[in-house]
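Visitor: Fold the following, please.
(one chain, ligands or ions: 1)
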Amino acid sequence: MNNYDVVIVGAGAAGLSAAQYAARANRSTLVIDRAGSGGQCANISELENYPGFPDAITGEEFTERFERQARQFGAEILTADVEAIERDGDRFRIVTDGGPIAAATVILATGARHRELGVPGEAAYGGRGVSYCATCDGPMFSGQPMVVVGGGDAACDEATFLSKLTDRVILVHRRDRFRAQASLAERVLANPNIEVRFNTEVEEILGGPNHFGIEAVRAVRLRDTRSGEITEESAGAVFVFIGSDPQTDLVPFVERDAAGYVVTDGEMASSVPGLYAVGDVRTTPFRQLVVAAADGAIAAHAASHRIDMLTDAIVATATR
Ligand code: NAP
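Guide: Okay, here's the model as predicted:
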């Protein structure tokens, strides 16, 4: 069975950053992902907010550079399905569809999958006005009316962010009150650029040719859940924030918060010694690439320390 100091599950920004730091610390390092590198980042059309990249870069090129840098320091990247992460004393056994792998430490970087509305037009206009990240895509729609869907912290936070880019944000929420923290909700309700529509659901996202002649979002069809009344609102973009599902199926044995995200300490350590969680899968106040990359570096550093500690313990036992 192959044996590594650090096995990283997930090759998004958090995982590749962890790989680079672990490999550079001279730890044998393997990254496993079922779908190649990049995670959510690979789909970003113009990445313009990563520090040090003043000229927008595609998510694809960004990922390619990230991966090349990790490999340069000696990290290996394997495309495989991880079926289970099992504890094996102080260590771990990673079961993949290509066979088991042993690891002294594991860094979980499996991300979170944003929920989708499932309404007509959502998939058709994905990347052409339908978005799940206001920080990433909002600036492309500056000055245009925008619709935000959801009633939690993310919807309120992101609607506030978008209200600085346009004077017309329509926040659509299916119930009669926000789920968001009071401070965020109050800020939204007091914002003159945000119109809140409670008891309202998106029926359909409508498209048409934009000023470049490309089919993109042009309006939404809304339904008042009490009266059943249907209205149509012009919009250049629809931002969906109806929660996300952290990808934690592989680690049912670690502590998670009420929303299902892995709880970590400042070193990204989970409740299981030797198992770290980084990026969108962990409890964090701000899910961004730069945060994920920083998480990866911290976890790799902590994992490296743990390996030193385990090695010292073995040497001490052998010389006793
Ligand atoms: P969330 O708290 O789960 O809220 C999801 C919202 O979407 C709810 O209002 C829910 O409506 C609505 N929703 C769910 N499914 C829907 C559907 N099919 N159609 C229409 N609406 C739907 O998720 P979140 O806002 O992404 O937050 C996730 C976690 O990140 C939370 O722990 C949050 O505190 C944290 N976060 C914090 C901040 C911050 O502190 N600044 C910012 C962002 C996120 P109901 O209310 O009717 O269920």
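
Visitor: Name the residues that touch stretch 297-317?
Guide: Stretch 297-317 is contacted by residues 5-6, 17-22, 25, 27, 90, 104-105, 107, 266-269, 273-274, 276-278 when judged by C-beta atoms under 8 Å, 6 or more residues apart in numbering. Just so you know, the C-beta spots here come from the backbone N, C-alpha and C atoms, and that holds for glycine as well.

Visitor: Tell me the spacing between the residue of the stretch 51-200 of the chain found nearest the ligand and Gln247.
Guide: Residue of the stretch 51-200 of the chain nearest the ligand, by C-beta to the nearest ligand atom: Gly152 (2.4 Å). Gly152 sits 19 Å away from Gln247, going by C-beta to C-beta, to the nearest Å.

Visitor: Hmm, Ala103 and Ile94 touching each other?
Guide: Yes: counting by C-beta atoms under 8 Å, Ala103 is a contact partner of Ile94 at 5.9 Å.

Visitor: what do these two both touch?
Guide: Val7.

Visitor: can you list the residues of the stretch 201-320 of the chain near the ligand?
Guide: Phe241, Ile242, Gly243, Ser244, Ala259, Pro285 (C-beta under 6 Å from any ligand atom).

Visitor: out of those residues, which are buried?
Guide: Phe241, Ile242, Ser244 (16 or more other C-beta atoms under 10 Å).

Visitor: Quickly list what the last one is bridged to.
Guide: Following DSSP bridges, Ser244 is listed with bridge partners His114.

Visitor: which ones are touching it?
Guide: Neighbours of Ser244 in contact, by C-beta under 8 Å, 6+ apart: Ala112, Arg113, His114, Arg115, Asp280.

Visitor: so Arg179 sits right up against Gly151, yeah?
Guide: Yes: in this structure, Arg179 is within contact of Gly151 by C-beta under 8 Å, at 4.9 Å.

Visitor: Those two: who's more crowded?
Guide: Between Arg179 and Gly151, counting by other C-beta atoms under 10 Å, Gly151 is the more crowded of the two (24 against 14).

Visitor: which of the buried ones among the residues of the stretch 201-320 of the chain next to the ligand lies closest to the ligand?
Guide: Closest to the ligand, out of all of these and judged by C-beta to the nearest ligand atom, is Ile242, at 3.6 Å.

Visitor: Let me know the secondary structure of that closest one.
Guide: For Ile242, the assignment made with DSSP: H, G, I helix; E, B strand; the rest coil gives coil.

Visitor: How about the longest helix belonging to the chain, which residues are buried there?
Guide: If you go by DSSP state H, the chain has its longest helix at helix 289-319. Buried positions in helix 289-319, judged by neighbour count with 16+ other C-beta under 10 Å: 289, 291-304, 306-307, 310.

Visitor: Low-confidence bits of the protein, can you list those?
Guide: Across the chain, the ranges flagged by pLDDT under 70 are 43-45.

Visitor: quick one: the helices in it?
Guide: 13-24, 59-72, 134-137, 153-162, 182-189, 289-319.

Visitor: Quick one, which of those helices gets closest to Val119.
Guide: Minimum separation from Val119 across those (C-beta to C-beta) falls at helix 153-162, 16.0 Å.

Visitor: quick one: that closest one to helix 182-189, angle?
Guide: 40 degrees (axes from the mean of the first three to the mean of the last three C-alpha atoms, to 10 degrees).

Visitor: just checking, what packs against helix 153-162?
Guide: helix 134-137, strand 146-149, strand 169-172, helix 182-189, strand 237-240 (3 or more C-beta pairs under 8 Å, 6 or more residues apart in numbering; DSSP states H and E).

Visitor: residues touching Phe62, list them.
Guide: Cys41, Ile44, Leu47, Tyr50, Phe53.

Visitor: Among those, which lie within strands?
Guide: Using DSSP state E, no member of those falls in strands.

Visitor: quick one: which of the residues you listed is nearest to Glu64?
Guide: Nearest to Glu64 among those, with distances taken as C-beta to C-beta, is Cys41, at 11.0 Å.
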